[in-house]
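Engineer: missing the sequence, but the structure's below:
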């Protein structure tokens, strides 16, 4: 398996999701990215559905500092302490795990470990994970604080680029979505439109 980039550590965890704090302020993976971390007896896969940059101190708001700066980079150059006062984190919906070499597209028996490292997934890992589309029902049924359909579409668009035929993968995903959402044509249409953009 190819080396993955370590980008964060798990700081909150449950069976269905985890939150990770990034090592770099601008190191948040894109919406819909597949990430991997470690559970007690398996590797756990999650899809990024939320990210934020905020102050490390609860209740302390970030204030504007760039009125006299030419670029946003100049703000950080003039205020190097910001790198220690701000933090970026993200939440990932758990959609499967790898145990004994096999990918299983359902929730793992135990949550991710606190302080477990979080890695980006390689194209090969995304391609292997998406050979089956059984995870889609888990995603569609999740109750996220953001628009679930946006996350589904973002992941499928991104995953499509890892397959030899992006269009072939998206057609296969569209057929699976049509079967899963046969009773909700409006929602199906909304996701399919986002896949083609």
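Structural biologist: Yep, it's here. Remember, it's a predicted structure, so these values are computed and weren't measured experimentally.
Engineer: contacting residues around the lowest-mean-pLDDT helix or strand in the chain?
Structural biologist: Among the helices and strands of the chain, helix 82-85 carries the lowest confidence by mean pLDDT, DSSP states H and E, at a mean of 83. In this structure, residues lying in contact with helix 82-85 by Cβ atoms under 8 Å, 6 or more residues apart in numbering are 25, 55, 56, 57, 65, 75, 76. All C-beta atoms are positioned from the backbone trio N, CA, C, and that covers glycine.
Engineer: switch to 10 Å and redo it
Structural biologist: With Cβ atoms under 10 Å, 6 or more residues apart in numbering as the test, helix 82-85 has contacts from 24, 25, 55, 56, 57, 60, 62, 65, 75, 76, 79.
Engineer: need the next SSE after it, C-terminal direction.
Structural biologist: Sequence order places strand 86-99 as the next helix or strand after helix 82-85, per DSSP states H and E.
Engineer: let me know the distance separating the residue positioned nearest the centre of the chain from residue 142.
Structural biologist: Nearest residue to the geometric centre of the chain (Cα atoms, centre = their mean): residue 48, 1.6 Å. Shown here: residue 48 relative to residue 142, a distance of 13 Å by Cβ to Cβ, to the nearest Å.
Engineer: cool, residue 117 as well?
Structural biologist: 24 Å.
Engineer: can you get me the start-to-end distance on stretch 76-92?
Structural biologist: Terminal residues of stretch 76-92 lie 28 Å apart, using Cα to Cα, to the nearest Å.
Engineer: likewise stretch 69-82?
Structural biologist: Stretch 69-82 stretches 15 Å from its first residue to its last (Cα to Cα).
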